[in-house]
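1. give me the fold of what follows.
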Amino acid sequence: MRKRFPAIATAIAAAVLVAPVSASAQGASEALHVEAKIPLGRVKGRIDHMAVDLARGRLFVAELGNDTVAAVDIKAAKVVHVIAGLKEPQGVGYVPATDTLYVANARDGSVPIFRGERYTPEVALQLGSDADNIRFDAATGRLLVGYGGGAIAAIDPANNRKTADMPLAGHPESFRLGGDPPRIYVNVPEAHMIAVLDPATGKTTARWPTQGMSGNFAMALDEKAREVIVAFRHPAKLVAFAMADGRMTASAETCGDIDDVFVDARRQRIYASCGEGFVDVLDKASTPWRRLTRVRTVAGARTALFVPDLDRLFVAVRASGSEPAAIWVLRPAP
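-> Numbering: from 1, shown residues only. Now for the predicted structure:
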């Protein structure tokens, strides 16, 4: 499939409705600024996680409170398709090799599957309850879905069948795949730990205690530094754990009610999206980490997606008294 990443990235600023930003706000947000806002239409309630189809330049948005998933054309800055009739969609995952979109539903634990440009519905997998975060494991070709009281399901996209269950001590929140040897790092806030799984066997190889901190929902990996970055809500803090043994290597205070965190490897920055109504940008290259800027968003705008190929951070903003439901496009400074 043809790659059009540079063209999409170049067209974002020209094609979308540029958000008005005051001169003082621009000066305060040099490291990251609101470049544009893409309206989602009449969408009610909470918005959850996102995924991207890079070849088509489409962003998938799980509109949990609206029981829908929107497909947003990034270049055209508009919603081009809406999948309705879902049951509290939390996670979305796109597999380019099969041109398939997976949606994890919280209300009934189902994972309905949609294929192709028209998102033709196919079989729905039944996981039982609270299907949540989705990740694609490129090394094994499997799709991983966190669900229920404590498990990650492995799905074979070739035949859309569950091939394995990886048990956990509680419901998995954000989890990431990486490291050498390959591991799955999982936030398990109910058990006050980060679990480390062997993807080949599905067994837990380590359990890192959160040392009195709680609300570890968001996670990112820094492969170069060999660190797992975990965001805690109580207290509001970012902590780096060494992949090798779970040692705490760095930390910094951040904004409250964080739900997504990303590492910008090129700039050595961390982006933390917080329901308090901010995105924090931290300089990871400094010791200790220091905050470069705090970009104001909207209260309740917790979820985000950083897409390195487009060099953009997409923040999901739910409808409120001051703002309509939209995807805010934030652009990092060079």
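
2. hey, let's count contacts and neighbours off CA atoms from now on
-> Noted.

3. in the stretch 151-300 of the chain, which spans are strands?
-> Secondary structure of the stretch 151-300 of the chain, counting by DSSP state E, counting those that start in this stretch: strands at 151-156, 161-167, 175-178, 183-188, 193-197, 204-209, 218-222, 227-233, 236-242, 248-253, 258-264, 269-274, 278-283, 290-296.

4. find the nearest non-adjacent residue to Leu127, please.
-> Closest residue in space to Leu127, ignoring its immediate chain neighbours: Gly109 at 5.2 Å, by C-alpha to C-alpha, 6 or more residues apart in numbering.

5. doesn't Gln126 make contact with that neighbour?
-> Yes. Proximity of Gly109 to Gln126 meets the contact threshold set by C-alpha atoms under 8 Å, at 6.2 Å.

6. so these two - more neighbours on which side?
-> Neighbours were counted for Gly109 and for Gln126 using other C-alpha atoms under 10 Å; Gly109 has more, 22 against 15.

7. pLDDT wise, what is that one at?
-> Gly109 is assigned a pLDDT of 98 by the prediction.

8. i'd like the first residue to be 14 from this point on
-> Okay, residue one is now 14; in that scheme the one you just asked about reads as Gly122.

9. contacting residues for it?
-> Gly122 makes contacts with Gln139, Leu140, Gly141, Ser142, Asp143, Ala144, Tyr160, Gly161, as judged by C-alpha atoms under 8 Å, 6 or more residues apart in numbering.

10. tally of neighbours for Arg260?
-> Neighbours of Arg260 under the rule other C-alpha under 10 Å: 12.

11. do you know how far it is from Met232?
-> If you measure Arg260 against Met232 using C-alpha to C-alpha, to the nearest Å, the figure is 16 Å.

12. which strand or helix spans the spatially most central residue of the chain?
-> Taking C-alpha atoms, centre = their mean as the criterion, Leu318 is the residue nearest the geometric centre of the chain, at 5.0 Å. Under the assignment given by DSSP states H and E, the secondary-structure element containing Leu318 is strand 317-320.
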